[in-house]
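Participant: got a predicted structure here, sequence first:
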Amino acid sequence: MIDIGFIGLGTMGRPMAGHLLAAGHRVLLHDVAPVAPELIAAGGIPCKSSQQVAEEADAVIIMVPDTPHVEAVLFGKDGVAAGISKGKIVVDMSSISPLATKEFAKKIEVLGADYLDAPVSGGEVGARAASLTIMVGGPERAFNTMKPVFDRMGKNVTRVGANGDGQTTKVANQIIVALTIEAVSEALLFASKAGADPALVRQALMGGFASSRILEVHGERMVKRNFDPGFRIELHQKDLNLALEGARTLGLSLPSTAVAQQLFSSCTAHGGKAWDHSAMVRALELMAGHEIAAA
């Protein structure tokens, strides 16, 4: 059983690292904040730097918010690159730029290590339940080594191609999620403004072709007015920025994605950057002067 390093122990990383400890792995831990006591109690080993994690682990997993954070963990002072050696594996499970990912992979490969980009979908709920969807880009040999590790954190693990393809898949996922949240928001707002009970409308739609995980989970959030974050608007904005920046580079038009981003921006302008992304409905409600359910 390989030794795992885990860097980034926030909302997602903490339960993910916990699953690896529960599976019996020796897990080396590092974070900008003190390591959670429950991880240490479960056998996790705190390290003073990312470099130390890379020196002691066979594979290093990174789970941090954005592209600059990954770059700092890898190539900053006392970073992973300073401690990595031939035959080891670096796995970035953050959601970041596909183009930057390809450059990071090249730099790590020069040092003799393999690199996988393995972003996830499923949010905090999926991280805690070990039911994440994991989209992996990178060498097949490294994927085969890490597959049993991924299986401890997720239920749907797929190698989709070369380095950067995992991140591209995650961006595509976030486009679909954002546009589906927008569709559910508009549908429930329409129903409520027309005088129907949005809770019953949602229940009826769950039995038809419009049924979706977003309608099930986030539709309920909208009706019950529960916008405590599972996945923050500011993080989804970051992902849609990656989509829109990538589209410009590729010469594509993504008009509906742009609209979804503007709705998120409206929420942010009203103090909602830390709301759950299902709160996109609030932007539409403000324009309509109507809430789909009483607070």
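Facilitator: Happy to help now that I have it.
Participant: for the chain, what's the longest helix?
Facilitator: For the chain, the longest helix by residue count, based on DSSP state H, is helix 165-193.
Participant: measure the residue in the chain sticking out farthest from the centre to Arg282 for me?
Facilitator: No residue in the chain sits farther from the centre than Gly195, which is 36.7 Å out by Cα atoms, centre = their mean. Distance of Gly195 to Arg282, given as Cβ to Cβ, to the nearest Å: 21 Å. The C-beta positions use only the backbone N, C-alpha and C, and glycine is treated the same way.
Participant: do the same with Gln261
Facilitator: 15 Å.
Participant: swap in Lys170?
Facilitator: In terms of Cβ to Cβ, Lys170 sits 25 Å off from Arg282.
Participant: how's this protein carved up into domains?
Facilitator: According to the TED database, the chain comprises the domains 4-161, 169-288.
Participant: first vs last residue of the first one, how far apart are they?
Facilitator: It stands for domain 4-161. 23 Å (Cα to Cα, to the nearest Å).
Participant: check the domains of the chain for me and report the most buried one.
Facilitator: Highest mean neighbour count of the domains of the chain: domain 4-161, a mean of 20 (counted as mean count of other Cβ atoms under 10 Å).
Participant: which strand runs longest in this protein?
Facilitator: strand 154-161 (DSSP state E).
Participant: does anything pack onto that strand? Which helices or strands?
Facilitator: strand 132-137, helix 140-151, helix 165-193 (3 or more Cβ pairs under 8 Å, 6 or more residues apart in numbering; DSSP states H and E).
Participant: what about Glu285, which helix or strand?
Facilitator: If you go by DSSP states H and E, Glu285 is part of helix 280-288.
Participant: who touches that helix?
Facilitator: 178, 181-182, 184-186, 188-189, 193, 222, 227, 233, 260, 263-264, 266-267, 270, 272, 275, 291-292 (Cβ atoms under 8 Å, 6 or more residues apart in numbering).
Participant: do the same with stretch 162-173
Facilitator: 95-99, 101-102, 105, 115-121, 133, 135-138, 160, 239, 242-243, 246.
Participant: check the offset of it from the chain's centre.
Facilitator: 12 Å (Cα atoms, centre = their mean, to the nearest Å).
Participant: going forward, begin numbering at 22 instead of 1
Facilitator: Understood, numbering begins at 22; the last thing we discussed is stretch 183-194.
Participant: so for that stretch, mean pLDDT?
Facilitator: Here stretch 183-194 scores 97 as its mean pLDDT.
Participant: and what of stretch 228-242?
Facilitator: 96.
Participant: what about that stretch, start to end distance?
Facilitator: Span of stretch 228-242 from end to end, Cα to Cα: 18 Å.
Participant: and the contacts of it?
Facilitator: Residues contacting stretch 228-242 (Cβ under 8 Å, 6+ apart): 198, 201-202, 205, 208-209, 223, 226-227, 247-248, 297-300.
Participant: now for the strand or helix carrying Glu145, which elements pack on it?
Facilitator: Using DSSP H and E, Glu145 maps to helix 144-150. Secondary-structure packing of helix 144-150 (3+ Cβ pairs under 8 Å, 6+ apart): helix 34-43.
Participant: give me the mean pLDDT for the next helix or strand after the helix it packs on.
Facilitator: For helix 34-43, the following helix or strand on the C-terminal side (DSSP H and E) is strand 48-51. Here strand 48-51 scores 98 as its mean pLDDT.
Participant: and what of stretch 136-147?
Facilitator: 93.
Participant: hang on, the earlier thing: what is the three-state secondary structure of the residue farthest from the centre of the chain?
Facilitator: The three-state assignment at Gly216 reads coil, by DSSP: H, G, I helix; E, B strand; the rest coil.
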